[in-house]
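> Predicted model and sequence below, questions to follow.
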Amino acid sequence: MTTASASMSATATPQRKRKLYGLMAEFATPAEVLHAAKRVRAEGYRWWDCFVPFPVHGLDKAMGVKPTILPILVFGCGLTGTIVAVLLQWFTNGTSFEFWALVPVIGYDFMISGKPASSIPAWIPVVFELTVLLASVGCFLLVLLLNGLPRFYHPVFRVPSFARATDDRFFLLIEARDPQFYRDKTETLLRSLNPIALEEVQD
Amino acid sequence: MSRAQHTTSNQQLDGAGNGLFTIAAAVGGIGLITALILGALMDHGWDRFFRSYLYAFAAVAAVCLGGLFWTMVQHASRAGWSVALRRIAENVAANLQWMWLLFIPVMLSPWLSHQYHWMHPAGDPLLEHKIPWFFGMSPLNEAGEQVGHIPWFWLFRAAFVLFVWAILSRFFYRNSVAQDATGDVNLTHRMQRFAPLGLVLYALTQSIASIDWIESLEAHWFSTMFAVYFFAASCCGFFAVQILVMKWYHRSGRLTTEITTEHYQDAGKLLFAFGVVFWAYIAFSQYMLIWYGNIPEETTWYMVRQLGGWRMVSILLLVGHFVLPFLLLVTKHTKRVTTVLGLIAAGMLIMHAVDMYYLVMPTIPGDAIATAASYEELRDAAAAGLVEVNFHPSLMDLACLLGLFGIVTAMTVKRMARHALIAQGDPRLPESLAFENF
């Protein structure tokens, strides 16, 4: 059945010439992948990654992953929310000036329960909500963006054994675009780390 | 991995607590003796003594209550990461066993001072309405004169509250210590089974305590948020103390490998979440509803806190208890540099003391509010010193605060030396030792 469908698709679309995407080593334990990451980093590779089923303590450090700038961006999002909320309420409740932006826009200083038009305590719930809203939505979108998501396809999924990356196997992939990448040299390096298997990943 | 690499350091306090014990006991003794001398010498000295003592009691009890709450939350949620720190909370909470001793002056204050004006309800319709809550049976005779002077129901609730605190803190402390030697997993199951019930009892008793002892200072006033405010303040106090204790252990060369930067970061998160953000959220929730409703019975409480010197205390709390620590603690970097975190925690502990001062000490200058034409007029008159707003910080407040804080610190240090500084027998200890944030 699988053979049939494979041949069907092969005839339906002309076979694209596969390009080497990288070399992927498979390990059985977190300790091995941790050790491998240290070696690969020491060899000066830059375009490479590890795929593990759960957070392996110390892996980020071993790989030399730079700290994310996400917190600073999210703080900026939150601050934007604060400022927008203050300006919005100040203009709509606290002023009465008018300007044209295709239609007339008029501030409306409306007296509510005897409070001054610009009442900071009354503004705070909106300030709080908009701050949290922009920070959380910004965080959600930025996490996707900084990780290069959404992405519908990745070459590693061509390797059948990669399914176990979410279960009990630990993978290390060195990409072919790395300036240090040479087919033989890189393979020798990965073999010297005693992986269970070494796969060629085709794009 | 990390488990295998782990080595143990000194888990006993031994002699390292002697210095702090001596200092704390001396400060505590001198503080309370100074307070008593000032009480005898000052004008209206005993009134002032009982009020300042109540302030100090609230500040210290809040810290211990925070510890009890935190211990029970760990068991109820079956937390693994926090086991290395839990003995700190247990040791601090265990002071609640003796809180009834420290409560005696507060218990006597209805008779020996004028701070609880609900003791004399005759002629005040609102207070007469609240007689059952304080006295149970009415102390008034048929002519409306006061003949009874014992607030039975108030005393009964105080006894209940202090009894529950003693039982709960003793239960969790004793079982945890017993586990050190045996490592019996059944003790963990037992504590987990009782923790949710304990949390319910905790919520009930600390609400009663804060309403009966602090909110009732102004018995005309009411706020359903008050007990939660006190809870938020107690979390702030405890989480600040927890970081200071961690820092002190490390400086004394104790638990140097067990308590890691990861634990500091999490302790910092808790201080940030409960002590800064949650506190501000609750404080503002209470403020905004009263501000919006603008009903005189409710606004007087805030009115007095916005006049004269109290205005400065309010602003100090807004900036020092929320804005500044929020900006300092929002990033993980300050939480992972233990010296910086320790300094912030010390600052938050001071702000906790200011917060309790703001809660307990102000009294309402009734005449001035009744005769003022507007809030602005009253505010300007208070700023010019023309209106008495009862803002008189005195040595008495400091003496009581340091007195009680010193005594409770000495008790805690003595208790810490008696057993291991870490829950050695807890089955989740290895998980806590290997814990990492990322």
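Arrived safely, thanks for sending. Numbering: from 1, shown residues only, chains lettered A, B, ... in the order given.
> The top helix by length along chain A - contacts with which helices or strands?
Longest helix in chain A, counting residues (DSSP state H): helix A:120-146. With contacts taken as 3 or more CB pairs under 8 Å, 6 or more residues apart in numbering or on different chains; DSSP states H and E, helix A:120-146 sits against helix A:70-94, helix B:279-293. For glycine as for every other residue, the C-beta is placed from the backbone atoms N, C-alpha and C.
> What helices and strands are in contact with the last one?
What it means is helix B:279-293. Using 3+ CB pairs under 8 Å, 6+ apart: helix B:279-293 touches helix A:120-146, helix B:226-251, helix B:296-304.
> just checking, A:Gly58 touches A:His35?
No - using CB atoms under 8 Å, A:Gly58 is not in contact with A:His35, being 10.8 Å away.
> Name the nearest residue to residue 25, ignoring sequence neighbours.
I'll assume chain A. Spatial nearest neighbour of A:Ala25, excluding adjacent residues (CB to CB, 6 or more residues apart in numbering or on different chains): A:Pro195 at 3.7 Å.
> switch to chain B, that's the one I care about
B:Ala410 (4.1 Å).
> what does B:Glu215 give?
B:Phe226 (4.7 Å).
> what sits against B:Met42?
B:Arg48, B:Ser394, B:Met396 (CB atoms under 8 Å, 6 or more residues apart in numbering or on different chains).
> can you check A:Arg183 too?
Counting by CB under 8 Å, 6+ apart, A:Arg183 has contacts A:Leu20, A:Leu23.
> what would the helices and strands packed on helix A:120-146 look like in a markdown table with mean pLDDT?
What follows is the helices and strands packed on helix A:120-146, written out as a markdown table (pLDDT from 0 to 100):
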| stretch | mean pLDDT |
| --- | --- |
| helix A:70-94 | 91 |
| helix B:279-293 | 93 |
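> The ones you listed: which one's closest to B:Ala62?
When those are compared by CB to CB, helix B:279-293 sits nearest B:Ala62, at 11.5 Å.
> Look at residue 77 and say how many residues are nearby.
Chain wasn't specified; assuming chain A. When neighbours are counted by other CB atoms under 10 Å in any protein chain shown, A:Cys77 registers 19.
> actually it's chain B I care about, not the one you picked
For B:Ser77, using other CB under 10 Å, the count is 12.
> show me where chain A has strands.
Secondary structure of chain A, counting by DSSP state E: strands at A:20-27, A:48-51, A:98-101, A:103-106, A:170-175, A:197-202.
> okay, how far is it across stretch A:176-193, tip to tip?
Chord length of stretch A:176-193, first to last residue, is 19 Å (CA to CA, to the nearest Å).
> actually stretch B:215-231, not the one I typed
Terminal-residue distance, stretch B:215-231 (CA to CA): 13 Å.
> Tell me how far that stretch lies from the chain's centre.
15 Å (CA atoms, centre = their mean, to the nearest Å).
> can you tell me how far the residue nearest the centre of chain A sits from chain B?
Closest residue to the average C-alpha location of chain A: A:Asn147 at 1.8 Å, with CA atoms, centre = their mean. Using CB to the nearest CB, to the nearest Å, A:Asn147 is found at 15 Å from chain B.
> Let me know the pLDDT of that residue.
What the model reports as pLDDT for A:Asn147 is 88.
> what sits against it?
With CB under 8 Å, 6+ apart, A:Asn147 has no contacts at all.
> What distance do you get for the residue lying farthest from the centre of chain A to B:Tyr292?
The C-alpha centroid of chain A is most remote from A:Gly114, which lies 49.8 Å away (CA atoms, centre = their mean). From A:Gly114 across to B:Tyr292, the span is 11 Å (CB to CB, to the nearest Å).
> near chain A at all, the strand or helix carrying B:Leu316?
Assigned by DSSP states H and E, B:Leu316 belongs to helix B:308-317. No - for helix B:308-317 and chain A, the contact criterion (CB under 8 Å from any CB of the partner chain) is not met; the two come no nearer than 12.8 Å.
> and the residue nearest to A:Ala25, how many residues sit next to it?
Around A:Pro195 there are 20 residues (other CB under 10 Å).
> A:Glu26 is in contact with that one, correct?
Yes - between A:Pro195 and A:Glu26 there is a contact at 5.4 Å, judged by CB under 8 Å.
> coming back round to it: the longest helix of chain A: how far from the chain's middle?
With CA atoms, centre = their mean, you get 20 Å for helix A:120-146.
> tilt between it and helix A:70-94?
In terms of direction (axes from the mean of the first three to the mean of the last three CA atoms, to 10 degrees), helix A:120-146 departs from helix A:70-94 by 140 degrees.
> And helix A:120-146, what's buried?
The neighbour-count check on helix A:120-146 (16 or more other CB atoms under 10 Å in any protein chain shown) flags A:Ala122, A:Trp123, A:Ile124, A:Val127, A:Phe128, A:Leu130, A:Thr131, A:Leu134, A:Ala135, A:Gly138, A:Cys139, A:Leu142 as buried.
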